[in-house]
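> Attaching a predicted model along with its sequence, questions to come.
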Amino acid sequence: MIMALALVGPACSGDDAPSADAGSSERDAGGAVDGSTRSDATASDSSASAFEKFLLSSAAGPCPGDSDCAGFVELHASGLLRVDKFGETPTTVHEATVMADDLAAAIVVLTDPELIALLDGASPACLPPTDVFESMELTLGGVVHENDTTTCDQAPIAAARAQMDALRTTYVP
């Protein structure tokens with residue numbers, strides 16, 4: 001059985017993908033503007049305070065008409081966790097509130113500068129198969145960082161995937 005999660009709203013790909021620096025001056029992975037530098041601790045604190053949401057989405061196919069082959073896990077800065085469970089029909093978006101300690105721990109993983117660099121890097125981040133799809137989208141300080149992450153095993157991507165799965169299984173079993 002393939003487990004998958006899907007995007008809320010239209011997927012971004014190719015020329016319609018949001019630019020990592022859309023609406024801002026040049027920024028590094030820690031959010032420094034115009035070439036200034038920050039310590040890793042300051043960059044991490046800045047990223048955590050700029051965190052808006054993280055969306056892990058996937059799908060599998062071909063999908064029979066009466067099946068659900070898509071879903072998503074979405075975490076907001078407010079602690080709102082939204083989950084569309086793969087395979088659940090009718091499709092229902094479940095919501096839960098993540099406890100402050102769990103939210104803080106998740107934000108550290110989801111705003112890792114190495115993850116941001118991968119999300120802003122070449123797309124797709126790995127060579128994907130054609131029948132499954134996964135993407136990650138981080139909104140940080142009004143800037144969207146997104147990439148296709150299907151089958152990627154780089155440590156920051158694997159950590160973000162594991163973090164979102166842990167939140168899903170804890171709060172929306």
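Cool, the structure landed.

> make it CA atoms for all contacts and neighbour counts henceforth
Will do.

> In this protein, what residue spans correspond to helices?
According to DSSP state H, the chain carries its helices in the segments 40-50, 100-110, 113-120, 155-171.

> Any regions of the chain where pLDDT drops low?
The chain contains residues with pLDDT under 70 at 1-47.

> how about 80 then?
1-48, 68, 87 (pLDDT under 80).

> My understanding was that Val144 contacts Leu138; is that so?
Yes. Using C-alpha atoms under 8 Å, Val144 is in contact with Leu138, at 5.7 Å.

> of these two, who's got more company?
Taking neighbours as other C-alpha atoms under 10 Å, Val144 and Leu138 compare with Leu138 leading, 25 against 22.

> contacting residues for the residue nearest to the more buried one when sequence neighbours are not counted?
In space, and not counting its chain neighbours, Leu138 is closest to Phe54: 4.5 Å by C-alpha to C-alpha, 6 or more residues apart in numbering. Phe54 is in contact with Glu74, Leu75, His76, Leu110, Met136, Glu137, Leu138, Thr139, counting by C-alpha atoms under 8 Å, 6 or more residues apart in numbering.

> could the residues you listed be laid out in a markdown table, adding distance to Thr89?
Formatted as a markdown table, these follow (distance: C-alpha to C-alpha, whole Å):
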| residue | distance to Thr89 |
| --- | --- |
| Glu74 | 19 |
| Leu75 | 22 |
| His76 | 25 |
| Leu110 | 29 |
| Met136 | 24 |
| Glu137 | 25 |
| Leu138 | 27 |
| Thr139 | 29 |
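
> now, among those, which is nearest to Ala160?
The closest of these to Ala160 turns out to be Leu110 (C-alpha to C-alpha; 5.7 Å).

> So the closest one versus Leu119, what's the distance?
Here the distance between Leu110 and Leu119 works out to 11 Å (C-alpha to C-alpha, to the nearest Å).

> Looking at the two, which one has more neighbours?
Counted by other C-alpha under 10 Å, Leu110 and Leu119 do not tie: Leu110 has more neighbours, with 30 against 25.

> gap between the residue nearest to that one when sequence neighbours are not counted and Leu55?
With sequence-adjacent residues excluded and distances taken as C-alpha to C-alpha, 6+ apart, Leu110 is closest to Ala160, at 5.7 Å. Separation of Ala160 from Leu55 (C-alpha to C-alpha) stands at 10 Å.
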